[in-house]
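K.L.:
Any chance you can model this:
(chains A and B)
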Amino acid sequence: MSVRVRYAPSPTGNQHIGGVRTALINYLFAKSKGGSFILRLEDTDRRRYSPEYVQNLYDTFKWLGFYWDEGPDIGGPVGPYVQSERFELYRKYAEDLVRMDKAYYCFCDSDRLERLRQEQIATKKDEIGYDRHCRSISKEERDRNIAEGKPHVIRLKIPLDGVTVFHDELLGNIEWKNADISPDPVLLKSDGFPTYHLANIIDDHLMEITHVMRAQEWIPSAPLHRIIYDAFGWEMPELCHLPMVLGQDGHKLSKRHGATAVNEFRKAGYLPEALINYIALLGCSYEDGRDIYSLDELVGLFKIERLNKAPAVFDYQKLEWFNGQYIRQKSDEELSVLIHPYLIEAGLRSELDTAKDQMELAAMPLVKERLKFLTDAPAIMAYLYGRLDLPPVETYLPKKADAQDAAVFLEEDTRILQEFGLDDISSVEDKFRERALEMGKKLGDLLMPLRVAITYTRVSPPLFESMKILGLGESLDRIEKSIQYLRGA
RNA sequence: GUCCCCAUCGUCUAGCGGUCAGGACAGCGGGUUUUCAACCCGCCAACAGGGGUCCGAUUCCCCUUGGGGAUACCA
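P.N.:
Numbers count the residues shown, from 1 in each chain, chains lettered A, B, ... in the order given. Predicted coordinates:
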């Protein structure tokens, strides 16, 4: 039978690192087995649901560049792939369970449940959770309540004793005392929507899911799922619980750890390749032990056995390193297209401007290895787009030089440039070297003021290449402006 | 509280009885150099503790400790 896995997010928030990693691992596993990766929307929490999150889900995965084979937006043979569109299904199956005496109606209201909880907390009892009050009400009472139209939920009957065993592909067999399973969890809510526990099982079964790969936080509900599968007489998919992703403080990764939503990373100038590469290495390794992997390479190398069991801490620094690696891997053409939006946003250029396109392409070799994020581009490149405010005089000064010295250096620079131009950068550089020697100065003495005059900062992309891009005339003008500025100081 | 999962450098990890415990990020030092990067070289740095099993344990078993997760009409 061919492998079918699913990613089943709940559209109650933006796609975040943890979810996307679960999706990626599912995808890698499916593709490594020649199977299918399916998206199912678990929109049964009507309070927290919002359609914008569905859009965010689609946007995120389009940007990341790996996508499902079946899903709400592209259809497939076992749809619908949205649980709210499968609404009737769940009640029918829940009623079946009641008929089989595997589940029961519960009429307890939230007030009673809340009181119960408070009591349990106050008395520090070992057993915490529902007290199974409605499990034992008489048939008459039940029917009367139904006839009165009293709101109700349907709860699963967890066996009072005995054990439930399930198998995990990574963790092996896990045995659970039934007494330790959450007592009689709700399967069908009073609004008629199923809970995760019911819905995921019915849908996984109907959608012929073969492997369920989800985060380890789900382990405690696995025995309960086993009980439901058994009740229906269905075969349970293979389970594989993935190690969790933690923040630097060792707790489940969340907003307070910094960026966690994928669109935040996107906005911050990360490349999808870097994110995928980094995430694939969190809690997993690949036989040849490299660092850089393309998505296709990951597919070819993925193995469940190489999944780690222990949780992994998300390291922003290492992700940054990956981002730099992938930026440098881009061709000049690719990179200039990628930074385009950020330059427009910074007001450095408009959408269509072929002159700027050419200039940027020429500038790519100068900035490529200086970018850690795409968002760094505007600040690094601003001087190429026009004149900026002149920096404080001190910025110009080489060691042991004052403003007048700097002006002298710049005048000397002007002479050399006027004489030799910028056509052959390396020979012009030699001229500067020779001149510095003659003057008994360091090359840096001649070049630091020049760098500041041209780029307005002491830290910049390569100087001569920059001047060449700006053109000799513009470069000389900028130098002249700075000479006047320094003379006036 | 109770239950469950887990445990190698600061972090991500390799290791599947005999290794100088390897790599990557970060950090530190050096090289290159007109700045900053990038790049290259080097250094620092780990088997949580205690019992077993075994000729021999980082590796297998148990306990302790530590960390995480779950205990919802959220997923």
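K.L.:
Return the set of buried residues in the helix or strand hosting residue A:88.
P.N.:
Using DSSP states H and E, residue A:88 maps to helix A:87-99. If you call a residue buried by 16 or more other Cβ atoms under 10 Å, then helix A:87-99 has these buried ones: A:89-91, A:93-94, A:97-98. Bear in mind the C-beta positions are built from the backbone N, C-alpha and C, glycine included.
K.L.:
tell me which of those residues is nearest to residue A:264?
P.N.:
residue A:90 (34.3 Å; Cβ to Cβ).
K.L.:
ok, now how distant is that closest one from residue A:171?
P.N.:
In this view, residue A:90 and residue A:171 are 29 Å apart by Cβ to Cβ, to the nearest Å.
K.L.:
Which residues of the stretch 51-200 of chain A lie near RNA strand B?
P.N.:
A:108-110, A:113, A:117, A:124, A:126-130, A:151, A:153, A:171-172, A:174, A:176-177, A:180, A:182, A:185-186, A:189-191, A:193-196, A:200 (Cβ under 7 Å from any atom of the strand).
K.L.:
Please pull out the lowest mean pLDDT helix or strand from chain A.
P.N.:
The helix or strand with the lowest mean pLDDT-type score in chain A, counting by mean pLDDT, DSSP states H and E, is helix A:110-123 (a mean of 84).
K.L.:
Pairing partners for the next helix or strand after the helix holding residue A:88, with directions?
P.N.:
Proceeding N to C from helix A:87-99, the next assigned helix or strand is strand A:103-106, under DSSP H and E. Next to strand A:103-106 in the sheet, as set by DSSP bridges, lie strand A:153-156 (antiparallel).
K.L.:
what's in contact with the helix or strand just after the partner strand?
P.N.:
Read in the C-terminal direction, the helix or strand following strand A:153-156 is strand A:163-168, with elements assigned using DSSP H and E. The list of residues contacting strand A:163-168 from outside it, by Cβ atoms under 8 Å, 6 or more residues apart in numbering, reads A:173-178, A:181, A:219, A:222-223, A:225-227, A:236, A:238-241.
K.L.:
could you redo the last one with a cut-off of 6 Å?
P.N.:
Taking Cβ atoms under 6 Å, 6 or more residues apart in numbering as the criterion, the residues outside strand A:163-168 that touch it are A:173-178, A:222-223, A:226-227, A:239, A:241.
K.L.:
Just the buried residues of these.
P.N.:
Members of the contacts of strand A:163-168 that pass the buried threshold by neighbour count (16+ other Cβ under 10 Å) are listed as A:174, A:176, A:178, A:222-223, A:226-227, A:239, A:241.
K.L.:
What are the boundaries of the helices in the stretch 201-350 of chain A?
P.N.:
Using DSSP state H, counting those that start in this stretch, the helices of the stretch 201-350 of chain A run over residues A:222-232, A:262-267, A:272-280, A:295-301, A:316-329, A:332-345.
K.L.:
Which of these sits closest to residue A:137?
P.N.:
In this view, these are compared for proximity to residue A:137 by Cβ to Cβ, and helix A:222-232 is the closest at 20.7 Å.
K.L.:
can you give me the mean pLDDT across the closest one?
P.N.:
For helix A:222-232, mean pLDDT rounds to 98.
K.L.:
Over to stretch A:316-327?
P.N.:
The predicted model gives stretch A:316-327 an average pLDDT of 97.
K.L.:
how about that stretch: buried residues?
P.N.:
Buried positions in stretch A:316-327, judged by neighbour count with 16+ other Cβ under 10 Å: A:319, A:322-324, A:326-327.
K.L.:
Return the member of the residues you listed nearest to RNA strand B.
P.N.:
Closest approach to RNA strand B among the buried residues of stretch A:316-327 (Cβ to the nearest atom of the strand): residue A:324, at 5.9 Å.
K.L.:
Would you mind confirming that the closest one makes contact with residue A:371?
P.N.:
No: contact status for residue A:324 versus residue A:371: not in contact, 7.3 Å apart, counting by Cβ atoms under 6 Å.
K.L.:
Show me what the lengthiest helix in chain A is in contact with.
P.N.:
In chain A, ranked by residue count with DSSP state H as the criterion, the top helix is helix A:403-420. Contacts with helix A:403-420, where a contact means Cβ under 6 Å, 6+ apart, come from A:393, A:396-397, A:428, A:431, A:435, A:445-446, A:449-450, A:479, A:482-483, A:486-487, A:489.
K.L.:
Show me the residues you listed that map onto helices.
P.N.:
Using DSSP H, the subset of those located in helices is A:428, A:431, A:435, A:445-446, A:449-450, A:479, A:482-483, A:486-487.
K.L.:
Show the buried residues in those residues.
P.N.:
A residue is treated as buried here by neighbour count (16+ other Cβ under 10 Å); on that basis the buried members of the ones in helices among the contacts of helix A:403-420 are A:428, A:435, A:445-446, A:449-450, A:479, A:482-483, A:486.
K.L.:
any chance of the residues you listed in a markdown table, with distance to residue A:17 too?
P.N.:
Listed next are these as a markdown table, based on distance: Cβ to Cβ, whole Å:
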| residue | distance to residue A:17 |
| --- | --- |
| A:428 | 49 |
| A:435 | 54 |
| A:445 | 49 |
| A:446 | 49 |
| A:449 | 46 |
| A:450 | 45 |
| A:479 | 48 |
| A:482 | 47 |
| A:483 | 52 |
| A:486 | 50 |
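K.L.:
mind giving me JSON lines with those residues and columns for distance to RNA strand B and pLDDT?
P.N.:
Listed next are those as JSON lines, based on distance: Cβ to the nearest atom of the strand, whole Å; pLDDT from 0 to 100:
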{"residue": "A:428", "distance to RNA strand B": "9", "pLDDT": "95"}
{"residue": "A:435", "distance to RNA strand B": "12", "pLDDT": "94"}
{"residue": "A:445", "distance to RNA strand B": "9", "pLDDT": "94"}
{"residue": "A:446", "distance to RNA strand B": "8", "pLDDT": "95"}
{"residue": "A:449", "distance to RNA strand B": "11", "pLDDT": "97"}
{"residue": "A:450", "distance to RNA strand B": "8", "pLDDT": "97"}
{"residue": "A:479", "distance to RNA strand B": "14", "pLDDT": "98"}
{"residue": "A:482", "distance to RNA strand B": "16", "pLDDT": "97"}
{"residue": "A:483", "distance to RNA strand B": "19", "pLDDT": "97"}
{"residue": "A:486", "distance to RNA strand B": "18", "pLDDT": "96"}
